[in-house]
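Trainee: Let me see the structure of the following:
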Amino acid sequence: MSITYRTPTTKDWSTIDHLFRVSFCDTFAHLYAEEDLDAFLADFTEQAWTAQLTDAAYAFLLAEDEGEPVGYVKLGPRELPVASAENSIELRQLYLLKHWHGQGIAEHLMRWAVDTAKERGAAEMFLTVYTDNHRARRFYERWGFDYVGPYTFMVGNHRDEDIIMRRPL
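Mentor: I've put the predicted structure just below:
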């Protein structure tokens, strides 16, 4: 294993998309009707990924093992319905292929996210996590995130029970 990290470019949109779809579906697809999952995934297009990869308000880091993508993290503007300082940021996605869980890659991606948020002047970071995703919740709690409140996350017409978590920076 030789993990490297780099900032993806617009040429990497399909790599990010693949990591997102595989990771999301491996973890959550069993929860949804096919039409809800398809409707949700339809929003993740080349145009949408490319727009975020070129928007300075977003920041990505891609993890690779000998050139093969294994995970990524994405920061973006806070859009969650919470009262906070104006200089907050949202951890939008942190996805890692299942085979790579428990090997320190998520730790590196999170460290980068926290450091990057601080460099951007953020005073706090927010995220959402599925209520029953206990592995992810424990990970975020280890990183100092605390429960803020419930959040409805829509997958097609399906309402997921998520929670909002916050970490001061």
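Trainee: Just to check, residue 27 is in contact with residue 133?
Mentor: Yes - between residue 27 and residue 133 there is a contact at 7.1 Å, judged by Cβ atoms under 8 Å. Every residue, glycine included, has its C-beta placed from N, CA and C.
Trainee: Report pLDDT for residue 67.
Mentor: As predicted, residue 67 sits at a pLDDT of 93.
Trainee: got it, and the one 10 residues further on?
Mentor: Turning to residue 77, the model gives it a pLDDT of 96.
Trainee: if you skip the residues just before and after it, what's nearest to residue 66?
Mentor: The shortest distance from residue 66 to any non-neighbouring residue, by Cβ to Cβ, 6 or more residues apart in numbering, is to residue 2 (5.3 Å).
Trainee: following the strand or helix carrying residue 40, which helix or strand comes up?
Mentor: Residue 40 is located in helix 34-41, with elements delineated by DSSP states H and E. Towards the C-terminus, the helix or strand next in line after helix 34-41, according to DSSP H and E, is helix 46-54.
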